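Participant: fold the stuff below for me.
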Amino acid sequence: MDLNLPKPIELYLTAENANNVDGLASCFTREGTVLDEGRTLKGREAIKARNLATKAKYGHVVEPLEIDEDAERVIVKGRVSGNFPGSPIVLPFSFQLAGDQIAHLEIG
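Facilitator: Predicted coordinates:
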């Protein structure tokens, strides 16, 4: 990845694409949250379980295309490819970081 992504986001995307659910969950703070497909998940175990389910359902990978930052968040537009209608699609991944971890992620 050559977009100069913040380390927690780079680790998240690497784990996502490698189907490394433990590595992905460890990118988040203990109370980290993910908002995806209208559902909010809280905590590493919930994030891990949801990632397992979505990987099994969609078999997706994310290719980061561009990055934009402001004072509160880092938005990465990513091309998501997998087993779903309309694949591939480009989605925004809006990250809020807390030090070297992800505190919140909103997808879509």
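Participant: N51 contacts V21, doesn't it?
Facilitator: Yes - with contact defined as CB atoms under 8 Å, N51 counts as touching V21 (5.0 Å). Placement of C-beta: from N, CA and C, glycine included.
Participant: okay, the two: which has more neighbours?
Facilitator: Taking neighbours as other CB atoms under 10 Å, N51 and V21 compare with N51 leading, 21 against 18.
Participant: okay, helices next: where are they in this structure?
Facilitator: 7-17, 21-25, 44-58 (DSSP state H).
Participant: same list, the ones you listed, but as a markdown table with mean pLDDT please.
Facilitator: Listed next are those as a markdown table, based on pLDDT from 0 to 100:
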| stretch | mean pLDDT |
| --- | --- |
| helix 7-17 | 97 |
| helix 21-25 | 96 |
| helix 44-58 | 95 |
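Participant: looking at those helices, spot the one closest to E66.
Facilitator: The closest of these to E66 is helix 7-17. By CB to CB, the value is 12.6 Å.
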